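Enquirer: turn this into a structure:
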Amino acid sequence: CAQLAVNLSAGLVDDIEFPDRLAELMAGQGVENSQLTIEITETAALTQPSRTLDILTRLRVKGFGLSLDDFGTGYSSLTQLYRMPFNEIKIDKSLGLAVGQDREAQTMVRSMVDLAHNLGMRVCAEGVETPAALQFLERIGCDYAQGYLLARPVPAIDARARLGTVMPVQRLHAVG
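Expert: So this is what the prediction gives:
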């Protein structure tokens, strides 16, 4: 079953009816809610925490995946991360770019992966551009990787043909 992740506009995180409309749209297309992961930036998720929590909880109850995007850019508190119903974090690309050669970045990313796994979340590292970065992520148990080393961005019209190309880090490493 193919998975797709899309970034959610900060304005939709404030729309209490969005989860119902999205579920209706998915049903109308014959697509399972579990096939869609919604990515929300730290900034958008934490602007109005109580309202955002309500909307995100409604999305999770309906079976959508939720990913906290750009994690590590300094906006979130760990308490908010614990309270929000995310099942994945995406480590910001600034750390992914540095992780192949910078010990401090490696320490931060290793800690983030451990934290996420201890909270029952998956982890995707953005900004992976070197084999050294990918090897490090594989060693520490990062679940997924994203970056120019693996694939370049594509226009939406071409995305359908590429849906089956996202793989866990271990499989990416074995292929690449």
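Enquirer: low-confidence stretches in the chain?
Expert: Confidence mapping of the chain against pLDDT under 70 gives the ranges 1-2, 45-47, 74-77, 79-80, 156-157, 159-176.
Enquirer: where do the helices sit along it?
Expert: 18-28, 42-46, 49-61, 78-83, 93-98, 103-118, 131-140, 156-162, 169-175 (DSSP state H).
Enquirer: could you dump those into JSON lines with mean neighbour count added?
Expert: From N, CA and C alone the C-beta is placed, and that goes for glycine too. What follows is the helices of the chain, written out as JSON lines (neighbours: other C-beta atoms under 10 Å):
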{"stretch": "helix 18-28", "mean neighbour count": "14"}
{"stretch": "helix 42-46", "mean neighbour count": "21"}
{"stretch": "helix 49-61", "mean neighbour count": "16"}
{"stretch": "helix 78-83", "mean neighbour count": "13"}
{"stretch": "helix 93-98", "mean neighbour count": "20"}
{"stretch": "helix 103-118", "mean neighbour count": "16"}
{"stretch": "helix 131-140", "mean neighbour count": "18"}
{"stretch": "helix 156-162", "mean neighbour count": "9"}
{"stretch": "helix 169-175", "mean neighbour count": "15"}
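Enquirer: now the farthest one out in the protein, which residue is it?
Expert: What lies farthest from the middle of the chain is residue 28; by C-alpha atoms, centre = their mean that is 25.1 Å.
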